[in-house]
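S.K.: compute the structure for the input listed below.
(one chain, ligands or ions: 2)
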Amino acid sequence: MLDRRKRIKSSEEAPTVTVSGDQCDFFDTLPDDIVLCILSKLGSTANRPADFISVLSTCKRLNALGVHSFVLSKVSSKGLTVKAKNWSESSHRFLKLCSDAGNVEACYTLGMIRFYCLQNRGSGASLMAKAAINSHAPALYSLAVIQFNGSGGSKNDKDLRAGVALCARAAFLGHIDALRELGHCLQDGYGVRQNITEGRRFLVQANARELAVVLSKTSSALIAGDWMTWNPLPHLRRGDVVGPGCPLLSDFGCNVPASEPLPSNKFLSEWFSDKVLGPGLRLCSHAGCGRPETRQHEFRRCSVCGAVNYCSRACQALDWKIRHKMECTQAERLVDDGDGEDNDNVDEDDGMLVES
Ligand SMILES: [Zn+2]
Ligand SMILES: [Zn+2]
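M.R.: Ligands and ions are numbered 1, 2, ... in the order given. From the prediction side, this is the model:
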C-alpha cells in the first residue's frame, strides 16, 4: 500500500537539506505513510471542501497521496459539503472517489444528490443503502422516507413495513426525525400495529432529544439568558413575526432556534431553489428538508388548508411547530381537492397536543 522505501530512496538521491536552511526540503524526506496520516487528519478536520482540495493542488506528491483511499475515507462531512451552486463534474468525481474509498458520509451525500437531484434513482438508492449498512442513521431514515412514499416508483411501490423497520433502526441509532416518524406510525397504526402509548412515548423522547441538541448548540444564548421567554399560546397569535428563534418548543414557553438542517438537505433546498420541478411536482414544505416529489401527488398534504405538502409525518409535525400552525387556515383550501394520494394526515393540532 505505502511506498515508503521508494520515498526514502528518492530522498537519499536528492539531499537538499542545507545547513544554512534556505533550501530545506524536509518534506521530501518524509515517508509516504506519515504524509498520508497528515493528509487524513487534514481531511477529517476540514471545514469545507476547499480546505482539503487546495492542499492537494500544491504539488504532485500531495496530489497523488491525497486521493489515496485511506485519506478519502476519512474526509469529514463538512469537507464533503459541496454547495449546490458550485456543483460540477469535478465535485461529483470527488464525492464518487470518497464513496468508493468507503467514506460512509460521501455515500449518503452522493446517494441523496443522485436520487433526488440527478434523478439517477437506482445508483442513488444503492449508495444510500451502502451507508445504511454501515449504520448511517440519516441514510436509514432517508431510505425509510423513500419506502413510505414509494419514491422513484409508483404508488404501489410503497412499502410501509420496510419504512417502519428502517425508521426503527435509525431511531435506535439516535436519529430524532426517525424517532418522531416512528412515534406517529405507532400512534396511527401506519405500517405497524397501533400502539398509542408507545407512540406517545417515542414522541416525548424525540422532543426531549431535540431540546438537548438545540440547547447544546445555543450555549451562548443560554449564557445571555434570552432563550427562555414566556410565549403563551403563540399559535393563537396569527401573523406574529417570530424573531431569530423559532417557537419549536413554544408549548413549553421557550423560544429556541430550530436545529440546523443536514448538509445534504441544505444541498437539496439550494439545488431546487432555482429549478423548475416537473409538471405538478412539489417540494416538501418543511424548509429544512428539500426533498421533491418524484411523481404527482406523492407527498401528504395538510388536511386543513391543503396548501402545504410533506414527505413524511416527521416533516409535517416539525413544520407545524416551527411555522405552519401560525399560517394554517381552512379558508386557504385549494380547489384541487382530493388530489393527494395520502390524505390521512395527522390532525392540525398534532404537533401541539400529541407531542407535548
Ligand atoms: Zn420533508
Ligand atoms: Zn395547513
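
S.K.: which residues does G150 contact?
M.R.: N156, D157, K158, D159, E298 (Cβ atoms under 8 Å, 6 or more residues apart in numbering). In short, each C-beta sits where N, CA and C put it, glycine included.

S.K.: would you mind measuring from it to L160?
M.R.: 10 Å (Cβ to Cβ, to the nearest Å).

S.K.: repeat that for G189.
M.R.: 10 Å.

S.K.: which one's more surrounded, these two?
M.R.: L160 (15 against 12; other Cβ atoms under 10 Å).

S.K.: now that one: closest residue in space that isn't a chain neighbour?
M.R.: Distance criterion Cβ to Cβ, 6 or more residues apart in numbering; nearest residue to L160, sequence neighbours excluded, is G191 at 2.9 Å.

S.K.: run a quick neighbour tally on that neighbour.
M.R.: 20.

S.K.: was I right about it contacting C185?
M.R.: Yes: with contact defined as Cβ atoms under 8 Å, G191 counts as touching C185 (5.5 Å).

S.K.: could you tell me which residues touch both of those two?
M.R.: In contact with both G191 and C185: L160, G163, V164, using Cβ under 8 Å, 6+ apart.

S.K.: what ranges do the helices span in the stretch 51-200 of the chain?
M.R.: Here the stretch 51-200 of the chain has its helices, by DSSP state H, counting those that start in this stretch, at 60-66, 69-72, 89-100, 104-112, 121-133, 137-149, 160-172, 176-188, 196-217.

S.K.: may I see those arranged in a markdown table, with mean pLDDT and distance to G43 as well?
M.R.: Compiled in a markdown table, these are given as follows (pLDDT from 0 to 100; distance: least, Cβ to Cβ, whole Å):
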| stretch | mean pLDDT | distance to G43 |
| --- | --- | --- |
| helix 60-66 | 90 | 8 |
| helix 69-72 | 94 | 6 |
| helix 89-100 | 95 | 9 |
| helix 104-112 | 97 | 11 |
| helix 121-133 | 97 | 18 |
| helix 137-149 | 97 | 20 |
| helix 160-172 | 96 | 26 |
| helix 176-188 | 94 | 28 |
| helix 196-217 | 87 | 24 |
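
S.K.: how about those helices, which one is nearest C315?
M.R.: helix 176-188 (7.6 Å; Cβ to Cβ).

S.K.: ok, and the closest non-adjacent residue to L110?
M.R.: Once flanking residues are discounted, L110 sits nearest to L95: 4.3 Å by Cβ to Cβ, 6+ apart.

S.K.: show me the domain layout of the chain.
M.R.: Domain assignment of the chain by automatic domain parsing yields the ranges 4-80, 102-222.

S.K.: would you list the ones you listed in a markdown table and tack on distance to ligand 1?
M.R.: Output for the domains of the chain, formatted as a markdown table (distance: least, Cβ to the ion, whole Å):
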| stretch | distance to ligand 1 |
| --- | --- |
| domain 4-80 | 20 |
| domain 102-222 | 7 |
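
S.K.: what are the buried residues along stretch 104-118?
M.R.: By 16 or more other Cβ atoms under 10 Å, the buried positions in stretch 104-118 come out as 104-117.

S.K.: swap in stretch 125-142?
M.R.: Under the neighbour-count criterion of 16+ other Cβ under 10 Å, stretch 125-142 has 125, 127-128, 130-132, 136-142 buried.
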